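Chemist: Kindly return the folded structure for what I paste below:
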Amino acid sequence: MTISHFKNTASLLLEESNPVAVPLSEPVAVTSTTSVERDDGVEAGVWECTPGRWRRQIVQQEFCHFIAGRCTFTPDVGEPIEIRAGDALMMPANTTGVWDIQETVRKTYVLIF
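Modeler: Below you'll find the predicted structure:
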């Protein structure tokens, strides 16, 4: 097994950029990421998103730690969660809802299949 090292995640250059899949407002948020996936399907990486509102579609369980920015996540079932740099979340599989990114966020994450 190879060890993946994401060095200095706050300023790491991210490899891929794409508009969000299900935007709900203008401007359309753009996400950027760098990640690795193991043979067992676990994915880890660094992810960033510019301001905007959009629908979360990920079905995997996710742990994430926010290292920059400010946003709100409103799950389809539950109360809005205000998130700032330094916060961490553990989202159960099939957690859907709406992201509202007020200030570009950057997080490290692990998706568990």
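Chemist: how close does the residue most central in space within the chain get to residue 77?
Modeler: Closest to where the C-alpha atoms of the chain average out (C-alpha atoms, centre = their mean) is residue 47, at 5.4 Å. Distance, residue 47 to residue 77, by C-beta to C-beta, to the nearest Å: 23 Å. Backbone N, C-alpha and C define where each C-beta goes, glycine included.
Chemist: before we move on, back to that, list the single closest residue to the residue nearest to the centre of the chain in space, sequence neighbours excluded.
Modeler: Take residue 47 and drop its neighbours on the chain: the residue closest to it by C-beta to C-beta, 6 or more residues apart in numbering is residue 33, 4.6 Å away.
Chemist: So in terms of bridging, what pairs with that neighbour?
Modeler: Assessed by DSSP bridges, residue 33 has beta-bridge partners residue 16, residue 47.
Chemist: surely it meets residue 12?
Modeler: No: judged on C-beta atoms under 8 Å, residue 33 makes no contact with residue 12 at a distance of 10.4 Å.
Chemist: Give me the common contacts of these two.
Modeler: residue 46 (C-beta atoms under 8 Å, 6 or more residues apart in numbering).
Chemist: Give me the residue ranges of this structure where confidence is low.
Modeler: 1 (pLDDT under 70).
Chemist: Need the three-state assignment for the spatially closest residue to residue 58 that is not a sequence neighbour.
Modeler: Leaving aside its chain neighbours, residue 58 sits nearest to residue 111 (7.1 Å; criterion: C-beta to C-beta, 6+ apart). Taken by DSSP: H, G, I helix; E, B strand; the rest coil, the conformation at residue 111 corresponds to strand.
Chemist: Hmm, residue 111 is touching residue 38, no?
Modeler: No: contact criterion C-beta under 8 Å: residue 111 and residue 38 do not qualify, at 10.7 Å.
Chemist: These two: who's more crowded?
Modeler: More neighbours surround residue 111 than the other of residue 111 and residue 38, with 20 against 12 (other C-beta atoms under 10 Å).
Chemist: quick one: contacts for that one?
Modeler: Taking C-beta under 8 Å, 6+ apart, one finds 42-44, 58, 60-62 in contact with residue 111.
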